[in-house]
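>>> would you be able to build a 3D model of this:
(4 chains)
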Number of protein chains: 2
Amino acid sequence: MRVRLEDVARAASVSPKTVSRVLNDEANVSDATRLRVRAAMEAMDYRPLPSARSLAGNRSFLVAMLYDNNDNPASTYLAEIQDGVLEACDSHRYSMMMRPLRMRGDDFVRRLDALISDHHPDGVVLTPPITDYAPLLKRLRERGIPYASVSPMSRADNIGVHMDEQRAARTMVEHLLSLGHRRIAHVSGISDHGASGWRLAGYREAMAAAGLAEDPALVVQGAFTFGSGVDAARQLFALKQRPTAVFAANDDMASGVMWAAHEAGLKVPQDLSVCGFDDIPLASQLWPALTTIRQPSREMGKMAALQLLEVLRGRGEAQMMQMPFSLEVRDSTAPVS
Amino acid sequence: MRVRLEDVARAASVSPKTVSRVLNDEANVSDATRLRVRAAMEAMDYRPLPSARSLAGNRSFLVAMLYDNNDNPASTYLAEIQDGVLEACDSHRYSMMMRPLRMRGDDFVRRLDALISDHHPDGVVLTPPITDYAPLLKRLRERGIPYASVSPMSRADNIGVHMDEQRAARTMVEHLLSLGHRRIAHVSGISDHGASGWRLAGYREAMAAAGLAEDPALVVQGAFTFGSGVDAARQLFALKQRPTAVFAANDDMASGVMWAAHEAGLKVPQDLSVCGFDDIPLASQLWPALTTIRQPSREMGKMAALQLLEVLRGRGEAQMMQMPFSLEVRDSTAPVS
DNA sequence: TTGCAAATTGACAGCGCTGTCATCTGTGTC
DNA sequence: GACACAGATGACAGCGCTGTCAATTTGCAA
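Residues are numbered from 1 along each chain as shown, chains lettered A, B, ... in the order given. Have a look, this model is predicted:
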């Protein structure tokens, strides 16, 4: 039969409640008792039964990671975040569950309610663009479910993790400017993703700082997908004055731009410099390898989850953490010819 | 306060136990009662509390999906399987949890035990190469935990899903042969993955059927990673008699081969045909787009989970399902020049 | 030494379900 | 009309923990 808390209590000559206290790191247990109980747990390889703990304690020790499977079909970006969140949850003996939540349609709040009623997560980790749907955040607050966000639009009143994407984008464009490029195009992402706005803003900031007036034809709307990158690039290549460099708002679109460049017979980087954002594995597998901004997705997932866990464990230490980025110069960018 | 089973019972004028029977689709409930109870549940939006159900019923309604994070860092293949497994679990109101289980080291059985004791899954879905570790399978059987496998080496005594990978590989090589290629190289995968053996066997079968003696220099061992594809290709290109086509055992290695080809100044497909296996998103994003075998990973995950759920729900209908593959001819293969 | 607050420990009920087993109801048989 | 029997329903305890609150012990000032 399995070892129960009661068995540990008997072995350590204390009451079950005291074992429970030790298990949950509660105060008011003498050091001697704590050590004795810990030793007994260890010796018997005691594992608390999650369902009993949940039922009696009215909490689930479960963190749900929410993602929008509308825009993110099986993406590497999410898989990396998941990996980090999982590590953080494991380290605090919490379980973790990935849950898609399609943001299309107007019943997503109802679907969120169902998700909560069905699984009772103690807290949730939000990924873009779910980070920014006000009705959803409101509902989470109403139901008293703490959440932490990865790269939310607003840093105010939010815990989680973000990166200075605008400065990263600006850094990327400055790299292109330093190579002598002046006609630099930008392929932006879906407009309701915070990332799209920041990256576009960084582009504009760098261009303006270089004294270049914005040419509206050089900014094309994409959708963060490979296909949308291809389309955007075709549009750019049809311009009378082609850009000499394209900064795509993510790597998938950048790979689409490179694909379209090949299609149009343009050599990268000789005829066209291309760069992206995110540094997904694909970036280094392309030929030429893609110059991009490295975003530490895995670490960001871990950090966001750790902030959430601080709240769940009743510490007031949770914050909005900022993570560093880095410019990865590879072979897809070169001096303008 | 939340709606409890007792509340539903009162509303439907039956005992709690009868509501429980309806909830669990048990026999010996009259149709009239069943409908009345269902209606009450619906009207009150009743959601059973998972922890209470688990505690009383001694089962968790949890399916764990195990993967080896040693060889599979955040791969798209796994993300797609996960997506399918999740869909299947949702449709039967089971929860699903991704769990890495590093197969390196000799304590993986102990780590499996810990995983089971900590989370109490009712069943597990196994992904390659975890599908084939005998001690692990033995332990699962000892502990009475049903499992279903995705592409296990042995189809005997196993439920889950597989694909005829050998025939798929043979089909791929036959495609190359039909283009006139004779010096066809193969970059194989990690040897303890079933996929490596089948794909190599399919290659050999096709070559032999075409009356070509095997040239050992044309078969290079890889590791399913981009980098190993690059290395293998460099090795092949250094041969006195270069191959005119390379069949890599997966898409990541194929992309490595293409990268090395670019590096060596070889044009794909004019100077070298390259093809892969799996059809991950990357395959269509490469230039030229990669000829490959499409493997329906998402569907396979779903099918494997459904087989497992059959067992968990006490039906004896579970089997080893075979899924179809398809040859995706794109731009990376062309007639030999 | 005494007294009192704080720290430590324990008794007990109950979280919301399901397993077991007893009871009841309706049907068919002779 | 009495009896047997399968099907339908319910009573009740208890799954393994934690919350509440009471009891006990400890530390320390007077």
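>>> state the pLDDT value of A:R315.
pLDDT, A:R315: 77.
>>> typo on my end, A:P73
Per-residue confidence (pLDDT) for A:P73: 55.
>>> equivalent analysis for A:M1, please.
65.
>>> A:L312 and A:I145 touch, don't they?
No. A:L312 is beyond contact range of A:I145, at 10.1 Å (criterion: C-beta atoms under 8 Å). C-beta here means a position set from N, CA and C on the backbone, and glycine is covered the same way.
>>> okay, those two: which has more neighbours?
A:L312 (20 against 16; other C-beta atoms under 10 Å in any protein chain shown).
>>> quick check: the gap between that one and B:F237.
To B:F237, A:L312 is 55 Å away according to C-beta to C-beta, to the nearest Å.
>>> do A:R313 as well
The gap separating A:R313 from B:F237 is 56 Å, by C-beta to C-beta.
>>> of those two, which one has the most company?
B:F237 (19 against 14).
>>> from what I see, the more buried one and B:A260 are in contact.
Yes. B:F237 is in contact with B:A260 according to C-beta under 8 Å; the separation is 6.8 Å.
>>> now the helices: where do they sit in the stretch 1-150 of chain A?
Ranges of helices in the stretch 1-150 of chain A, per DSSP state H, counting those that start in this stretch, are A:5-12, A:16-23, A:31-44, A:50-57, A:76-91, A:108-119, A:134-142.
>>> A:R34 - nearest residue in space that isn't next to it in sequence?
Nearest residue to A:R34, sequence neighbours excluded (C-beta to C-beta, 6 or more residues apart in numbering or on different chains): A:V22, at 5.4 Å.
>>> in contact with the one you found, which residues?
By C-beta atoms under 8 Å, 6 or more residues apart in numbering or on different chains, the residues touching A:V22 are A:V29, A:T33, A:R34, A:V37, A:R38, A:M41.
>>> of these, list those near DNA strand C.
Contacts with DNA strand C within those, counted by C-beta under 7 Å from any atom of the strand: A:V29, A:T33.
>>> filter the contacts of A:V22 down to the buried ones.
A:V29, A:T33, A:V37, A:R38, A:M41 (16 or more other C-beta atoms under 10 Å in any protein chain shown).
>>> count the residues that sit near A:N24.
Number of residues near A:N24 (other C-beta under 10 Å) recorded here: 11.
>>> ok, A:A304 next?
Neighbour tally, A:A304, other C-beta under 10 Å: 32.
>>> so which helix or strand takes in it?
helix A:297-312 (DSSP states H and E).
>>> quick one: is that helix near DNA strand D?
No. Using C-beta under 7 Å from any atom of the strand, helix A:297-312 never reaches DNA strand D; the gap is at least 12.6 Å.
>>> moving C-terminal of that helix, what's the next helix or strand?
Counting by DSSP H and E, what follows helix A:297-312 is strand A:320-323.
>>> in stretch A:221-234, what's buried?
Of the residues in stretch A:221-234, A:221-226, A:228-234 count as buried by neighbour count, 16+ other C-beta under 10 Å.
>>> restricted to helices, list those.
Counting by DSSP state H, the members of the buried residues of stretch A:221-234 that fall within helices are A:F226, A:S228, A:G229, A:V230, A:D231, A:A232, A:A233, A:R234.
>>> ok and the residue in the stretch 151-300 of chain A nearest DNA strand D?
Among all residues of the stretch 151-300 of chain A, A:I159 sits closest to DNA strand D, at 22.9 Å; criterion: C-beta to the nearest atom of the strand.
>>> again, but for the stretch 201-337 of chain A
For the stretch 201-337 of chain A, C-beta to the nearest atom of the strand, closest residue to DNA strand D: A:G314, 10.8 Å.
>>> sounds good, over and out.
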